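[1] Here is my input; please provide its structure:
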Amino acid sequence: MKEMLEKSGKQPTMRGVIDKFFRQMFDHTCQVLEVLDGKKFSEHCWNRNHQGLWTVGESSEDAIYIDRVLHNGNVWEKVGVNYVAIEGELPPGMSFHKSGALSTEMADKITTNQPNRYFATGSSFVIHPYNPMAPTAHVNYRYFEICHGNQPVYWWLGGGADLTPAYLFEEDAVHFHQVHKQVCDQYDSSYYPRFKKLCDEYFHIPHRGENRGIGGIFFDNLNNDHPEKLLGFVTGCADAFIPAYMPIVERRKDMHFTPANKYWQHLIRGRYVEFILSCDRGIRFGLASGMVKQESVFNCMPPAARWEYDDQPVPGSEEAMLKEVLKNPRDWLSS
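    Numbering: from 1, shown residues only. Model prediction:
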C-alpha cells in the first residue's frame, strides 16, 4: 500500500488511492465471476448534470456511478454490483448521522455548521448462485470524506464480507472466516473478533430473532489509526474476498439438488429481502441522500424469493440445523 500513496507535497491523498483501488476491485471481481460463469455482465453508466439529475454516461471511464448485472447465468442466478465515486452536498436537513452512514459517536466529533459536502467512493457485490448448495455472498468496501471546500475535515472507511447459505457446510464457514481472519491478524489481532462480532450484530433481523447468514467481518467509521495502515487493511480485506468465496462455489455449484432444496433457498432469500428493507443502513442512505441512482439501490435483491406463514423446518433436518445457527451465531474458528 505504501507505494500506492500519492504524495501531494505534504500529505498522502486518501481519495485518489482508495478510489483507484475500488475501481480495480470492481473490474477484477467482475472478470473472475464472468470467467466461472461464461456469461458477461450488462453495464449501465451514469453521471449527474448541473441540476443534480442522473444522466446516461457515455462510457465507464468518465462515469461516477456504474451498475452491472448478470442474470440467469450458468452458475450465478443473479449478481448485482456497483461502483461509485461521487462528490456533492447532502440535501437540506440531511446529515451522515441522520442517514445512518455515521454513528452518533463519530457525528459528535464533527462540529461544524457548514453544509455537509462529501466525497464517497466504494464498490459493492451481492452474488446469488443458482445452486441452493452454494451460498449467497455480499462484499462491500467504502470510503467517505466530509469536506469544507476542497479540504477533507473528516474521513472514514467501512465495509466487510459475509455469507448467507441456504444449506450449511461447516468447512465452507470455517474457510470463509479463516481467510478473513488471516488478513485481520496481519494488522491487529483484535480486528477479527471485533469485526466478526460486529458482523453478527449488524446482519441481524430483529423481528425474526435470526441473523441473515453465518457472518464474516463488518466494520464502519474506521479512522482511528494511521491512514497507510487502514488503507492496507481495507485493501487486504477486499483482495481476500475471491480466495475466501470462490473455492466454496467451486465445491458446491454442481451438487445435486431437488425442488424442495430450491424452495428452501427461496425462503432464505425472503429473509435476505426482509433485512434489506427493514434493517440495512446503506439502503436508507442511498435512498435519502440521492448519492445512488434510485432504482440501483435495489440491485442487490435476489432474483426470486418466497414467504410462507410459520415456515418451520422439519426437526433434525439440514434446514433446521441452519435455522439453529442463524438464531445462535457460532465461533467458527474455535479450537
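[2] from here on, contacts and neighbour counts on C-alpha atoms
    Will do.
[3] How many neighbouring residues does Asn82 have?
    By other CA atoms under 10 Å, 25 other residues sit near Asn82.
[4] Contacts only, for it.
    By CA atoms under 8 Å, 6 or more residues apart in numbering, the contact list for Asn82 reads 26, 65-68, 123-125.
[5] nearest residue to it other than its sequence neighbours?
    Asp67 (4.6 Å; CA to CA, 6 or more residues apart in numbering).
[6] any idea of the mean pLDDT for the strand or helix carrying the one you found?
    Using DSSP states H and E, Asp67 maps to strand 65-71. Mean pLDDT, strand 65-71: 90.
[7] Next secondary structure after that strand?
    Moving toward the C-terminus from strand 65-71, the next helix or strand (DSSP H and E) is strand 76-89.
[8] returning to that earlier point: may I ask which two of the contacts of Asn82 are separated the most?
    Using CA to CA, the two most remote members of those are Tyr65 and Phe125, lying 14.0 Å apart.
[9] What helices and strands are in contact with the strand holding Asp67?
    Applying 3 or more CA pairs under 8 Å, 6 or more residues apart in numbering; DSSP states H and E, we find strand 65-71 packed against strand 42-48, strand 76-89.
[10] Need the winner for burial among these.
    strand 76-89 (a mean of 22; mean count of other CA atoms under 10 Å).
[11] Distance of Phe195 relative to Met25?
    Phe195 sits at a distance of 21 Å from Met25 (criterion: CA to CA, to the nearest Å).
[12] cool, and Leu230?
    Going from Leu230 to Met25 by CA to CA gives 17 Å.
[13] Mind checking which of Tyr65 and Phe125 has more residues around it?
    Tyr65 (26 against 23).
[14] Can you name the residues bridging to the more buried one?
    Counting by DSSP bridges, Tyr65 is bridged to Trp46, Val84.
[15] hang on, it packs against Asn47?
    Yes - counting by CA atoms under 8 Å, Tyr65 touches Asn47, with 6.6 Å between them.
[16] correct me, but Tyr191 touches Cys184?
    Yes - contact criterion CA under 8 Å: Tyr191 and Cys184 qualify, at 5.5 Å.
[17] Looking at the helices and strands packed on strand 65-71, which is nearest to His256?
    Nearest of the helices and strands packed on strand 65-71 to His256, taken as CA to CA: strand 76-89 at 15.8 Å.
[18] Centre of the chain to that closest one, how far?
    10 Å (CA atoms, centre = their mean, to the nearest Å).
[19] And stretch 134-149, by the same measure?
    The chain centroid and the centroid of stretch 134-149 are separated by 6 Å under CA atoms, centre = their mean.
[20] and if you look at stretch 273-280?
    Distance, stretch centre to chain centre, for stretch 273-280: 14 Å (CA atoms, centre = their mean).
[21] What mean pLDDT does that stretch get?
    On average, the pLDDT along stretch 273-280 is 87.
[22] So which residues of the chain form helices?
    Taking DSSP state H to define them, one finds helices in the chain at 14-37, 96-99, 104-107, 170-187, 191-202, 227-252, 259-278, 281-289, 318-327.
[23] can you list those helices in JSON lines and add mean neighbour count and distance to Phe144?
    As requested, the helices of the chain are arranged in JSON lines below (neighbours: other CA atoms under 10 Å; distance: least, CA to CA, whole Å):
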{"stretch": "helix 14-37", "mean neighbour count": "17", "distance to Phe144": "9"}
{"stretch": "helix 96-99", "mean neighbour count": "17", "distance to Phe144": "10"}
{"stretch": "helix 104-107", "mean neighbour count": "13", "distance to Phe144": "13"}
{"stretch": "helix 170-187", "mean neighbour count": "19", "distance to Phe144": "21"}
{"stretch": "helix 191-202", "mean neighbour count": "19", "distance to Phe144": "19"}
{"stretch": "helix 227-252", "mean neighbour count": "18", "distance to Phe144": "13"}
{"stretch": "helix 259-278", "mean neighbour count": "18", "distance to Phe144": "21"}
{"stretch": "helix 281-289", "mean neighbour count": "18", "distance to Phe144": "13"}
{"stretch": "helix 318-327", "mean neighbour count": "17", "distance to Phe144": "31"}
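[24] I'd like to know which of the ones you listed lies nearest to Asp220.
    Nearest of the helices of the chain (CA to CA): helix 191-202, 9.2 Å.
[25] For that closest one, which helices and strands make contact with it?
    helix 170-187, strand 215-222.
[26] and the shortest one, which strands flank it?
    Each strand that pairs with strand 215-222, with its direction, by DSSP bridges: strand 151-164 (antiparallel).
[27] for the partner strand, which positions count as buried?
    Residues 152, 154-164 are the ones in strand 151-164 that count as buried (16 or more other CA atoms under 10 Å).
[28] Which two among these are spaced furthest apart?
    Farthest-apart pair in these is Pro152 and Thr164; separation 36.3 Å (CA to CA).
[29] Quick check: which ranges of the stretch 51-200 of the chain have low pLDDT?
    51-63, 90-116, 149-150 (pLDDT under 70).
[30] switch to 50 and redo it
    98-101, 108-109, 111 (pLDDT under 50).
[31] what residue lies at the spatial centre of the chain?
    Asn140 (2.6 Å; CA atoms, centre = their mean).
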